[in-house]
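Trainee: I'll drop the sequence and a predicted model, then ask my questions.
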Amino acid sequence: MACRDIRETISAFVDGEASPAEAASVREHLAACERCRRLERQMRAAGEGVRQVRGRVPDRFREGVFARLDSEGVLPPRKKLLRGSWRRAIVPVAAAAGLGLFLLTSREGVRGPAPPGPVSARVETSAPSAPSPRGDAGALTAEDREMLALLDILEDPVAFEANDDAEGMELLAPGDSADSPTPLRGGRTGA
Amino acid sequence: MLLFRDGSREAFEELFARHHRAVVRFAWRMTGDASSAEEAAQEIFLRIARAAPTYRPTAKFTTWMYTVARRATLNYLRDAGGDGETVPILAEGEGEDGSYPVQLPGPDDRNPERMVWETQLTERFRAALGELPEGHRAAFVLNRGDGLSYGEVAQVLGISVQAVKTRIFRAREMLLSRLSKDVSA
C-alpha cells in the first residue's frame, strides 16, 4: 500500500482505533517503511503534545461558578440540617428513635399480662437520688418519670453514648421487659 | 446528575468537584488562554446546571458533559470573534520523505534540558492548536486530551466515526506542519 494511502490509518492505529485488519496492515507497512515509522512516532508525539497543554484551575474558580449559579437561581438552596456536623445531629435523632421504640414496647407490655415490673421498680429507686429539674417528681407517674429520665439522656449526648453498649441494645428488644430481670439501661437508672 | 435534577444541591457540588478540572482543561485547550478558559468553563457549568431538568441518562454523563462543553466553548469563540473554521489546512511543511522535520518529545523523553525545551514546545503547540479549525481541534482534544474514544467523540460532535478519524488525522497533519514551520523559521 502507498504511504499516502495508509497515513490516516496510521493515525487511527496510534490512537488504538484501527480494526484488527487495519492494524495488521499498518504493522506490515511500518516494518518495511522507515519514513512511515518516523511519521508514526511524530503522530504519537502530537498526541502527547496536546496532553501537555493543561492550563490550571483559576483561583477562586469554584466561588465564581457558584456565585453565578446562585445569582441566577439555578441551584436549589443548601439543606440546613446538613450544613453542620451530621455526627452531632445523629445522636439526638438516634435517641429520639430509641425513645419512640421504647415507649411502643413498654405500652404493649402494660396492655398484656401483668409483668413482674422491673421497669417501675427501677424508676422508683432512681427517682429519689436524681430529682427531676422539670417539676415535682412526686406528682408524676412512674411512666412520666421514665420519660423524663430519657429526656435527660437526650440532653446529655455523652451519657447517651456511654449507654450505647450491649445492655442498651436490649432496650430495643421487644418482649425483653416481661421475661428478663436484666435492667434495660445499665447504670443510668438502676445505680 | 439525576440527584441534582431531583433537587439536590449537594449532588451538583459533588459533580463539580469531580469534573471541574477536566472542564477547565478542555476549555483551556479549546480557547488557548487562561481568562477565556475561565469564562468558558464558567459558562459550561451554567449550561450544565440549566440543562439538568431535561437531562436524560441515555449516554455516559461525561459524553453529555463534553457535548455541553463543546457547544459552550464554540459559542464563546464565536462571540469572541472567530471560530477558527477559516484557517487553511497547511501542507507545505511536509518534508520530501513525507514526514515532518520537527522532533516532538515522546513519553519516554525525560531529562532537565528536554523539559525546558518541552516547555517552549508546549507553548508553540498551544499556539498551533489554536490555529486548527474548531471542529478538528475539538476532535483531537477530546480524543488525545480527554481520552474519549472515536465513538464518543462522534457522539459529542454529532458526526460519524469515519469523520472523526479523518478530522483527527488532518489535525495531526496540520499541527506537525505548523510546528515544522516554527522549527525552520
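Mentor: Arrived safely, thanks for sending.

Trainee: for the helix or strand containing A:R37, packing partners?
Mentor: When elements are assigned from DSSP states H and E, A:R37 belongs to helix A:34-52. Helix A:34-52 makes packing contacts with helix A:3-14, helix A:20-32, helix B:112-130, helix B:161-184 when contacts are defined by 3 or more C-beta pairs under 8 Å, 6 or more residues apart in numbering or on different chains; DSSP states H and E. For glycine as for every other residue, the C-beta is placed from the backbone atoms N, C-alpha and C.

Trainee: over to A:R54. Which of the three states is it?
Mentor: For A:R54, the reduced secondary structure class is coil; criterion used: DSSP: H, G, I helix; E, B strand; the rest coil.

Trainee: quick one: closest of the helices and strands packed on helix A:34-52 to B:D79.
Mentor: Taking C-beta to C-beta as the criterion, helix B:112-130 is the member of the helices and strands packed on helix A:34-52 that comes nearest to B:D79, at 16.3 Å.

Trainee: who's in contact with the helix or strand following that closest one?
Mentor: With elements assigned by DSSP H and E, the helix or strand that comes after helix B:112-130 is helix B:134-140. By C-beta atoms under 8 Å, 6 or more residues apart in numbering or on different chains, the residues outside helix B:134-140 that reach it are A:50, B:29-30, B:70, B:74, B:77, B:83-85, B:129-130, B:132, B:153, B:156-157, B:164, B:167-168, B:170-172, B:174-175.

Trainee: quick one: low-confidence parts of chain A?
Mentor: Residues of chain A that meet the criterion pLDDT under 70 lie in A:79-91, A:106-191.

Trainee: pop the domain breakdown of it in here.
Mentor: Taking automatic domain parsing as the domain assignment, the record places the domains of chain A at A:3-52, A:81-179.

Trainee: is it true that B:E43 touches B:Y76?
Mentor: Yes. The pair formed by B:E43 and B:Y76 meets the contact definition of C-beta atoms under 8 Å, at 6.1 Å.

Trainee: quick one on the thing from earlier: deepest in the core, which of the helices and strands packed on helix A:34-52 is it.
Mentor: Using mean count of other C-beta atoms under 10 Å in any protein chain shown, the stretch among the helices and strands packed on helix A:34-52 with the largest mean neighbour count is helix B:161-184, at a mean of 21.

Trainee: pLDDT weak spots in chain B?
Mentor: Low-confidence segments of chain B, defined by pLDDT under 70, span residues B:1-2, B:4, B:82-118, B:182-185.

Trainee: domain ranges for it?
Mentor: What automatic domain parsing lists as the domains of chain B is B:2-79, B:112-184.

Trainee: so what's A:C33 up against?
Mentor: By C-beta under 8 Å, 6+ apart, A:C33 lies in contact with A:C3.

Trainee: which residues sit in contact with the residue most central in space within chain B?
Mentor: Closest residue to the average C-alpha location of chain B: B:V141 at 3.2 Å, with C-alpha atoms, centre = their mean. B:V141 makes contact with A:V50, B:F26, B:R29, B:M30, B:L129 under the criterion C-beta under 8 Å, 6+ apart.
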